[in-house]
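Asks: Just a sequence and a predicted model for now, questions to come.
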Amino acid sequence: MSDARAELAAIFNRLGIEPVEIEHPPVHTVEEALPFWNSLDGVHTKNLLLKGAKGSLWLVCVPTDRRLDLKALAAHLGAKKFSFASADTLMESLSVVQGSVSPLALVNDKSGAVQLVLAKDMLAHPRITVHPLVNTATMSLASGDLLRVVEATGHKPEIIDFDALASG
């Protein structure tokens, strides 16, 4: 187990959280993961690390079926524009590879450089599924527990109503 996975397990233990976890072959896209996720209860997520024009980093976590208007999101968050962060930036900032990104990776963001954005409608579901730092496993957590874990990493998520953003 990596140091980060051990730290994550320690956070779960300290907070009294018992996630449901499944292992599966490596997946790199939502489409590849969906057949394995059928056995897990929860809203399934896609996670994007976005880079602002001035180098700021945003981790955006939304339901898999959510389409994102990056221009509207950037304007809402006060960024000039967003681009997708490179694999190198992903490794440098969150210490994970593409396909393994999730809010749990914030355990590796010791400097607090990454701002988390969560979809409000996703949090309304009882459970959320995310990768635990690897793309060979997926966890189902109670929505409130995911928020508690994120806060335990020292991050405060920005919760956005993407439906209102789209119509605004």
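Replies: Looks like it came in fine.
Asks: quick one: contacts of the longest helix seen in the chain?
Replies: In the chain, assigned by DSSP state H, the helix with the most residues is helix 3-15. Contact with helix 3-15 is made by 1, 17-19, 95, 104, 107-108, 132-134, 145, 148-149, 152-153, as judged by CB atoms under 8 Å, 6 or more residues apart in numbering. For the C-beta atoms, the positions are set from N, CA and C on the backbone; glycine is no exception.
Asks: how about it: buried residues?
Replies: By 16 or more other CB atoms under 10 Å, the buried positions in helix 3-15 come out as 4, 7-8, 11-12.
Asks: do the same with stretch 142-160
Replies: Quick answer for stretch 142-160 (16+ other CB under 10 Å): 142-143, 145-150, 152-153, 155, 157, 160.
Asks: Pull the most distant pair out of the residues you listed.
Replies: Ala152 and Ile160 (21.6 Å; CB to CB).
Asks: Skipping adjacent residues, who's closest to Ala87 in space?
Replies: Gln98 (5.6 Å; CB to CB, 6 or more residues apart in numbering).
Asks: Just give the number of residues close to the one you found.
Replies: Neighbour count for Gln98, taken as other CB atoms under 10 Å: 15.
Asks: Would you check that it makes contact with His28?
Replies: Yes. Gln98 lies in contact with His28 (CB atoms under 8 Å); the separation is 6.4 Å.
Asks: And the pLDDT at Ser39?
Replies: Ser39 is assigned 86 on the pLDDT scale.
Asks: hang on, isn't it packed against Val20?
Replies: No. Using CB under 8 Å, Ser39 is not in contact with Val20; the gap is 9.3 Å.
Asks: Check the burial of Val130 by counting its neighbours.
Replies: 22.
Asks: do the same with Ser100
Replies: If we define neighbours as other CB under 10 Å, then Ser100 has 22 of them.
Asks: can I assume it sits in a strand?
Replies: No. Ser100: not assigned to a strand; according to DSSP: H, G, I helix; E, B strand; the rest coil it is coil.
Asks: so what's it up against?
Replies: Shown in contact with Ser100 (CB under 8 Å, 6+ apart): 131, 133-135.
Asks: Flag every buried residue along whatever helix or strand Ala33 lives in.
Replies: Using DSSP states H and E, Ala33 falls within helix 30-37. By 16+ other CB under 10 Å, the buried positions in helix 30-37 come out as 30, 33, 36-37.
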